[in-house]
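# generate coordinates for the sequence data below:
(one chain, ligands or ions: 1)
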Amino acid sequence: MNSKTKIGIVICDRYRRCAGGKCFRAMRNKEGAFSIYADTEVELVGFTTCEGCPGGNIEYAGEEMVKNGAEVIHLATGLVVGYPPCPYIHTFKAFLEKRYGIKVVVGTHPIPKKYLDMHTHLGTWKDSAWESLIAPTMSDEKTRANYEYQKKLDRDKSGSYQHQGGSLCRIPGQTRPPGKCEGYEDPE
Ligand code: SF4
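Residues are numbered from 1 along each chain as shown. Alright, predicted model coming up:
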């Protein structure tokens, strides 16, 4: 492998507001699907969404990322853990690999525990076709726990932030933006 690998990340449009916190942390720590880069530096050259079902941005995003030097495109973990998981993963992967001659990896950050628990309950990943798709992001229990979601906060009219579901933020008079407030975490 090269001393530096340039990558692009495509996220599921359901999580389009995501600022990429978990993906970037995993990339920095070489965790989840980024563990393949243990011996190389990683440079992010593109980050975008699929633009919503059925993925109208995949063709353009792939072209731009490759133009910017991407050697690998990651389809973010959100495609795998969403309810339901993206039905087009195989098509995206096959298309991007054939069209641009690059490697496509399914997944970015480790699968957070709550998604593993729910999909195990639902039986989503029972089919053997899922085995290779979830393998890069399965990680170990301790790593998964580090990517567990906390409650998200919503801004109320007064400018304070509240947990979704209406419970008050634990920080009195909280006016800092999401990401700065204890209890907030990116949706994906
Ligand atoms: S489910 Fe797939 S096609 Fe639909 S928005 Fe998510 S990544 Fe895009």
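
# what are the contacting residues of the longest helix seen in the chain?
Across the chain, the longest stretch assigned as helix under DSSP state H is helix 89-100. Helix 89-100 is contacted from outside by 10, 50, 55, 58-59, 62-63, 66, 73, 75, 79-80, 86, 102-104, 106, 133, using CB atoms under 8 Å, 6 or more residues apart in numbering. For glycine as for every other residue, the C-beta is placed from the backbone atoms N, C-alpha and C.

# buried subset of those, written for ChimeraX?
One line in ChimeraX is enough to select the buried ones among the contacts of helix 89-100; burial here means 16 or more other CB atoms under 10 Å:
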select :10,50,55,58,62,66,73,75,79,80,86,102,103,104,106,133
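
# whichever helix or strand comes after the longest helix of the chain and the ligand, are they touching?
Toward the C-terminus, helix 89-100 is succeeded by strand 103-106 as the next helix or strand (DSSP states H and E). No: contact of strand 103-106 with the ligand is not found when judged by CB under 6 Å from any ligand atom; the minimum separation is 11.2 Å.

# and strand 103-106, which strands flank it?
Strand 103-106 sits in its sheet next to strand 72-75 (parallel), going by DSSP bridges.

# any bit of the strand it pairs with sitting next to the ligand?
No: Strand 72-75 lies apart from the ligand when judged by CB under 6 Å from any ligand atom; the minimum separation is 7.5 Å.

# C-alpha coordinates for that strand, CSV please?
Included here for strand 72-75 are C-alpha records, laid out as CSV according to Å, rounded to 0.1, in the frame of the first residue of the first chain:
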residue,chain,number,x,y,z
VAL,A,72,-10.8,4.2,-2.4
ILE,A,73,-14.4,5.3,-1.9
HIS,A,74,-16.1,4.4,1.4
LEU,A,75,-19.9,3.9,1.6
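
# where does the chain have low pLDDT?
The model of the chain has pLDDT under 70 over residues 1-2, 149-188.

# domain boundaries for it, per the record?
Per the record, the chain has its domains at 4-149, 151-188, by automatic domain parsing.
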